[in-house]
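**Q** Starting from these lines, generate the structure:
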Amino acid sequence: GVHEERKWPNTCYGMSKVGIIAMTKIFARTYPDICIASVDPGFCATDQNNNQGYILAERGAVTPFLLATVPDEDASNLSGRHFYEEREIPWSYGQL
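**A** As a prediction, the model looks like this:
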């Protein structure tokens with residue numbers, strides 16, 4: 001196929017992440033009174049991957065923590081967005 005040249009993921013895991021990002025955008029539109037965002041913590045060393053990740057789990061938790069503690073008056077500006085390392089990133093990593 002042409003999925004790789006179009007910057008689509010080449011794994012089931014990668015496709016599941018695209019699904020989560022799309023679902024985030026749909027839920028954000030459906031529930032405008034709730035801040036709904038998605039986060040990529042990075043390839044964290046956890047039991048799930050036999051600690052093969054190169055990012056400490058504590059580091060991967062920083063962005064989710066910051067989003068969970070953002071003041072209510074700022075939360076609506078973040079809804080429907082996808083984050084990595086304390087910043088918004090495009091829904092397709094191929095756009096970085």
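**Q** use CA for all of it now, contacts and neighbours both
**A** Will do.
**Q** Then Ile36 would be within a strand, right?
**A** No - assigned with DSSP: H, G, I helix; E, B strand; the rest coil, Ile36 falls outside any strand and is coil.
**Q** got a pLDDT number for it?
**A** The model reports Ile36 with a pLDDT of 95.
**Q** quick one, helices of the protein?
**A** Assigned helices in the chain, in chain order: 12-30, 57-60, 62-68, 72-75 (criterion: DSSP state H).
**Q** Out of the ones you listed, flag the one nearest Val39.
**A** Among the helices of the chain, helix 62-68 comes nearest to Val39, with 6.5 Å by Cα to Cα.
**Q** Show me the contact partners of the closest one.
**A** By Cα atoms under 8 Å, 6 or more residues apart in numbering, the residues outside helix 62-68 that reach it are 39, 41, 83-86.
**Q** 10 Å instead?
**A** 35-41, 69, 75, 78-79, 83-87 (Cα atoms under 10 Å, 6 or more residues apart in numbering).
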